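Participant: Turn this into a structure:
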Amino acid sequence: MKVEEIIYIKRLPEETARLRREFNSSVKKHFLKEFAIDLTRVEHLRKAGLSEDDIARMKDGLNPKGWQVHHNLPLDDGGTNDFTNLVLITNDPYHKAITNEQNSLTRGLTSGKSKTINWPMIKDEIYPPKPFDRRED
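Facilitator: Just a heads-up that it's a prediction; the model follows:
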């Protein structure tokens with residue numbers, strides 16, 4: 001995973017809440033459905049280890065089990081619900097670790113304030129893009 005230097009500007013909580021409601025009520029569902037009907041993306045989902053049941057869940061607008069839709073640039077920093085800002089990511093350990101790091105980097109930042117931060121960014125549409133092979137010792 002790469003990091004990018006960004007200027008993080010804390011958005012007003014009301015605006016963040018509005019965007020989060022929009023994401024939860026329609027954007028996430030639409031993103032998952034669109035992803036699951038694109039044949040090229042479905043092939044990437046399979047290569048990333050998602051099952052046919054997971055892909056069926058996505059066609060219904062639901063997260064595959066153990067996965068999340070993540071905003072690269074978060075909503076409380078001027079991030080948008082645009083599909084180009086979204087990535088399908090495994091919940092554990094990646095989404096949890098990234099979210100914890102992001103919270104740590106922005107702790108204490110109040111609305112309208114800014115800070116230059118090295119921010120974790122995911123360039124792929126699916127992360128990790130393929131399952132890791134475990135070596136047997």
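Participant: can you pull out the helices in the protein?
Facilitator: 13-22, 28-37, 39-47, 52-59, 96-106 (DSSP state H).
Participant: Looking at those, which is nearest to Ile126?
Facilitator: In this view, the helices of the chain are compared for proximity to Ile126 by CB to CB, and helix 39-47 is the closest at 5.6 Å. Using the backbone N, CA and C atoms, a C-beta is placed for each residue, glycine as well.
Participant: For the residue nearest the centre of the chain, name its beta-bridge partners.
Facilitator: By CA atoms, centre = their mean, the chain has its centre lying nearest to His70, at 1.3 Å. For His70, the residues forming beta bridges with it (DSSP bridges) are Val87.
Participant: and the gap between it and Leu105?
Facilitator: His70 sits 15 Å away from Leu105, going by CB to CB, to the nearest Å.
Participant: which intervals of the chain have sub-threshold pLDDT?
Facilitator: In the prediction, the chain carries residues with pLDDT under 70 at positions 129-137.
Participant: what do you get if the cut-off is 90, keeping everything else the same?
Facilitator: Applying pLDDT under 90 to the chain flags residues 1-2, 78, 92-93, 102-103, 121-137.
Participant: sorry, back to before: can you tell me which of the helices of the chain is most buried?
Facilitator: helix 28-37 (a mean of 17; mean count of other CB atoms under 10 Å).
Participant: chain center to that one, what's the gap?
Facilitator: For helix 28-37, the separation from the chain centroid amounts to 13 Å (computed by CA atoms, centre = their mean, to the nearest Å).
Participant: and what of stretch 67-77?
Facilitator: Stretch 67-77 has its average C-alpha position 5 Å from the chain's average C-alpha position, going by CA atoms, centre = their mean.
Participant: Now do that stretch: distance from first to last residue.
Facilitator: 23 Å (CA to CA, to the nearest Å).
Participant: ok, back up a step: correct me if wrong: the residue nearest to the centre of the chain contacts Lys96.
Facilitator: No. Counting by CB atoms under 8 Å, Lys96 is not a contact partner of His70; they are 10.7 Å apart.
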